[in-house]
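Participant: I would like to see how this sequence folds:
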Amino acid sequence: MPPRPGIQDAGRSLNGLAEVFTLAIWEKRGLDPRSGSVLRPLPGTPGDVRCLSELNPDNVFVIETVNWMVHATRDHLEGLAVLCATHAPLRTVLAVARVLLEPAMHVSYVLDEQISDTLRTVRAFNLRQEALRQEWQDAVQDPADDGEAEARARAERDGLSAAARADGLAFVAKKDGTLEGYVLEPRNEAAQMRTIALGPLGMDAWRTLSSATHSQERSHLRVALGDLGVPQGHATDWMALFWVYLAVEAAIHAIEATVRYLGGAVIPDTVLGPIRYMLRDAAYMVPDNERLAVASRLGWTPPDSAEAP
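Facilitator: Numbering: from 1, shown residues only. Take a look at the predicted model:
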């Protein structure tokens with residue numbers, strides 16, 4: 001049986017995926033992903049919308065919100081590739097896989113092709129307002145802030161809410177019947193985001209990777225990470241790579257959603273298929289009979305039985 005690929009082989013595949021992502025989105029537009037340029041929708045794509053709106057005129061608000069997430073997905077994917085290729089500590093690999101999962105999940109959630117443009121705007125609004133709420137809270141709790149940062153964050157929050165109100169969008173009602181001034185109906189649901197990104201495995205992936213990120217690893221990760229009395233080694237990498245594979249699947253879905261909505265070069269299965277296969281094989285997800293069939297198609301022949309170890 002051909003040897004299985006390891007974490008460093010997986011890293012090289014991930015680097016290839018990051019390069020393909022860059023080619024499909026940024027180089028298609030003649031842009032450098034580190035230039036800070038906004039990815040605009042290509043003509044005729046679903047994102048190329050002309051609309052009269054206070055909150056989302058000509059779809060600018062949604063596009064800018066998505067841009068943050070798409071850029072983050074590409075950057076974290078490239079970083080994850082470097083960590084795997086250099087066989088970095090598995091805790092770090094899993095933590096960055098979790099970091100990758102979040103923006104990838106948000107891209108798929110906002111760019112879900114099954115929803116209306118209005119709901120897409122609502123989802124982008126709620127994500128942006130949550131980020132601004134945390135920024136405002138940082139300023140409130142910062143003893144060094146002279147009130148300027150707090151005022152700036154509040155002004156942006158209020159401005160977005162005023163625009164949403166002018167567009168007739170509905171705000172969430174509190175238990176006492178008053179309206180929540182910064183959250184639109186329907187609320188963003190974390191469970192729904194994870195399901196859109198990864199189906200029924202979304203919640204498990206989120207919780208498991210989060211446990212590693214917060215140094216409170218689930219028990220099933222501890223052998224791979226080097227539990228007390230159990231040394232961490234190459235033989236256990238595959239246990240962690242299963243969870244890395246799920247985060248990468250979410251990133252692939254985000255790439256496909258971005259190409260579909262903003263436009264770009266469609267990445268064919270002939271490119272994505274081998275990358276997925278490599279990761280699945282490294283995570284021991286490919287059964288031996290399938291591996292043998294693939295190896296035979298690629299020209300591998302088993303060694304002579306007399307010479308076999």
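
Participant: how close does the spatially most central residue of the chain get to residue 253?
Facilitator: Ranked by distance to the mean C-alpha position of the chain (Cα atoms, centre = their mean), the top residue is residue 104 at 1.8 Å. Distance of residue 104 to residue 253, computed by Cβ to Cβ, to the nearest Å: 7 Å. Heads up, the C-betas are built off the backbone N, CA and C, glycines and all.

Participant: residues that sit against both of the two, list them.
Facilitator: residue 197 (Cβ atoms under 8 Å, 6 or more residues apart in numbering).

Participant: and stretch 53-62, how far out from the chain's middle?
Facilitator: Remark: stretch 53-62 is offset 24 Å from the chain centroid, using Cα atoms, centre = their mean, to the nearest Å.

Participant: make sure residue 50 is indeed in a strand.
Facilitator: No: applying DSSP: H, G, I helix; E, B strand; the rest coil, one finds residue 50 to be coil, outside a strand.

Participant: what's the local residue count around it?
Facilitator: 7 (other Cβ atoms under 10 Å).

Participant: helix, strand, or coil at the residue nearest to the centre of the chain?
Facilitator: helix.

Participant: how about residue 70: what's its closest non-neighbour residue?
Facilitator: residue 258 (5.3 Å; Cβ to Cβ, 6 or more residues apart in numbering).

Participant: ugh, wrong one, residue 117
Facilitator: The shortest distance from residue 117 to any non-neighbouring residue, by Cβ to Cβ, 6+ apart, is to residue 49 (6.4 Å).

Participant: and residue 266, by the same measure?
Facilitator: Counting by Cβ to Cβ, 6+ apart, residue 266 lies nearest to residue 259, which is 5.9 Å off, once chain neighbours are set aside.

Participant: quick one, what contacts the one you found?
Facilitator: By Cβ under 8 Å, 6+ apart, the residues touching residue 259 are 24, 25, 265, 266, 267.

Participant: so how far is residue 62 from residue 168?
Facilitator: Taken as Cβ to Cβ, the span from residue 168 to residue 62 is 17 Å.

Participant: so the two - more neighbours on which side?
Facilitator: Ranked by neighbour count (other Cβ under 10 Å), residue 168 and residue 62 place residue 62 first, with 25 against 8.

Participant: that one and residue 119 touch, don't they?
Facilitator: No: between residue 62 and residue 119 there is no contact under Cβ atoms under 8 Å: 10.8 Å.

Participant: ok, so of the contacts of residue 259, who is nearest residue 14?
Facilitator: For the contacts of residue 259, the minimum distance to residue 14 (Cβ to Cβ) is 14.2 Å, reached by residue 267.

Participant: tell me the contacts of the closest one?
Facilitator: Contacts for residue 267 (Cβ under 8 Å, 6+ apart) come out as 20, 21, 24, 255, 256, 259.

Participant: any chance of the contacts of residue 259 in JSON lines, with pLDDT, distance to residue 200 and secondary structure too?
Facilitator: JSON lines is the format used below for the contacts of residue 259 (pLDDT from 0 to 100; distance: Cβ to Cβ, whole Å; DSSP: H, G, I helix; E, B strand; the rest coil):
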{"residue": "24", "pLDDT": "96", "distance to residue 200": "28", "secondary structure": "helix"}
{"residue": "25", "pLDDT": "96", "distance to residue 200": "29", "secondary structure": "helix"}
{"residue": "265", "pLDDT": "95", "distance to residue 200": "31", "secondary structure": "coil"}
{"residue": "266", "pLDDT": "95", "distance to residue 200": "27", "secondary structure": "coil"}
{"residue": "267", "pLDDT": "95", "distance to residue 200": "25", "secondary structure": "coil"}
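
Participant: got these as TSV, with distance to residue 280 columns?
Facilitator: Below are the contacts of residue 259 laid out as TSV (distance: Cβ to Cβ, whole Å):
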residue	distance to residue 280
24	22
25	25
265	24
266	22
267	18
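
Participant: buried among those residues? Need that as a selection in PyMOL.
Facilitator: Selecting only the buried entries of these in PyMOL, with 16 or more other Cβ atoms under 10 Å as the criterion:
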select buried, resi 24+25+267
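
Participant: ok, which pair from the contacts of residue 259 is furthest apart?
Facilitator: Using Cβ to Cβ, the contacts of residue 259 span at most 11.2 Å, a distance reached by 25 and 266.

Participant: which stretches in the protein count as strands?
Facilitator: Ranges of strands in the chain, per DSSP state E, are 171-173, 179-184.

Participant: which parts of the shortest one are buried?
Facilitator: I take that to be strand 171-173. Going by 16+ other Cβ under 10 Å, strand 171-173 has these buried residues: residue 171.
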